[in-house]
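> Return atomic coordinates for the entry below.
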Amino acid sequence: MDRQSRVELSTAQVPAAEAFAYWREMICETFVQLSAAPVAGGAFAGRIEHVPVGTLELSTVVAGGQVVRRTRSLIARGADEYLLASIQLHGRGRVEQDGRVAELTSGDMAFYDSTRPYTLRFDDDFRQLVVQVPKHELALRDTRALTARALGPGPGQVVPAFFTSLAGAAKDSPHTSAPLLPHALGLLSAAASFAARTEPGPDPARALVRERAVAFIRRNLADPRLDVDRVARACRVSRRTLYRVFAPDSVAAEIRRIRLDHARALLLEHPDRPVATVAARCGFDSESGFHRAFRAEFGTTPGGTRGQ
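Now for the predicted structure:
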């Protein structure tokens, strides 16, 4: 599979008698080498929609009941080193690794590591979002303490919601979602640390506040009145806390950066859209102010970006 572009795979492409054999090929091509078996006889159907966000891979899986295994012999066939997380969207799932079992219902999330054996079990039809990232992208030395643990309250609500929204954004607008990669990796690392009940790297609670703030800014960036007070109220934290979370940068600088990244993506994605319209969509109250900020950030004009 070309991991740099959106791909849709479905067993509807093959005769019913060949559906599960084709499904095995699909999951190995999308993730890592796996074995799989259906939990019941009869017709089987499955579909995978894969979208990349830089080095992060997001795959929505819709399928019938099955047991999926990553065995030692399959691990030995390649050098794949990924951390994966299953976010249950519908139905029930089970993640087994490192002597633990995580039972997942809708909204739950659990990690697993491709370098050690694991088992995924689904007794009935299900839908999941699978988040996959090379382990070297995360500041994690040892994942044995964090696998097969369902995230608890707090991160267990914020993190799945963020990645579910990111998958939708990446599907609809790859250019717009690309700037979110650093935030996604930071949040994933914080969630993994929380699952392990350790705190290497960024403080998990602080990282969650930051991601909540960034999500609010992105939802409201068209409003020129957006400021630190509104962001702090939306996140239910004080201005002082918000300043600490974004240190050494200011909150205003983060708002400006997000606006400019979004504007650049819109310029590339919609070359015929007037610059003034793009500026307004991104919360700039004047076209001249937008031009100055854009040149200061990217070293070129909005028109020059389109010509690149």
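> Tell me which stretches of the stretch 201-308 of the chain form helices.
Using DSSP state H, counting those that start in this stretch, the helices of the stretch 201-308 of the chain run over residues 204-220, 228-235, 239-246, 251-269, 275-281, 287-298, 302-306.
> Using TSV, lay out those helices together with mean pLDDT and mean neighbour count.
For every residue, glycine as well, the C-beta is placed using N, CA and C. TSV is the format used below for the helices of the stretch 201-308 of the chain (pLDDT from 0 to 100; neighbours: other Cβ atoms under 10 Å):
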stretch	mean pLDDT	mean neighbour count
helix 204-220	83	20
helix 228-235	92	17
helix 239-246	88	16
helix 251-269	88	19
helix 275-281	93	17
helix 287-298	90	16
helix 302-306	81	15
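> Format the ones you listed as JSON lines; extra columns: distance to Ala110.
Below are the helices of the stretch 201-308 of the chain laid out as JSON lines (distance: least, Cβ to Cβ, whole Å):
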{"stretch": "helix 204-220", "distance to Ala110": "16"}
{"stretch": "helix 228-235", "distance to Ala110": "26"}
{"stretch": "helix 239-246", "distance to Ala110": "26"}
{"stretch": "helix 251-269", "distance to Ala110": "30"}
{"stretch": "helix 275-281", "distance to Ala110": "38"}
{"stretch": "helix 287-298", "distance to Ala110": "39"}
{"stretch": "helix 302-306", "distance to Ala110": "41"}
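> Figure out which of the ones you listed is closest to Thr115.
helix 204-220 (23.3 Å; Cβ to Cβ).
> distance between the closest one and the chain's centre?
Relative to its chain's centre, helix 204-220 lies at 14 Å (Cα atoms, centre = their mean, to the nearest Å).
> tell me which strands and helices it is in contact with?
helix 155-172, helix 181-195, helix 228-235, helix 239-246, helix 251-269 (3 or more Cβ pairs under 8 Å, 6 or more residues apart in numbering; DSSP states H and E).
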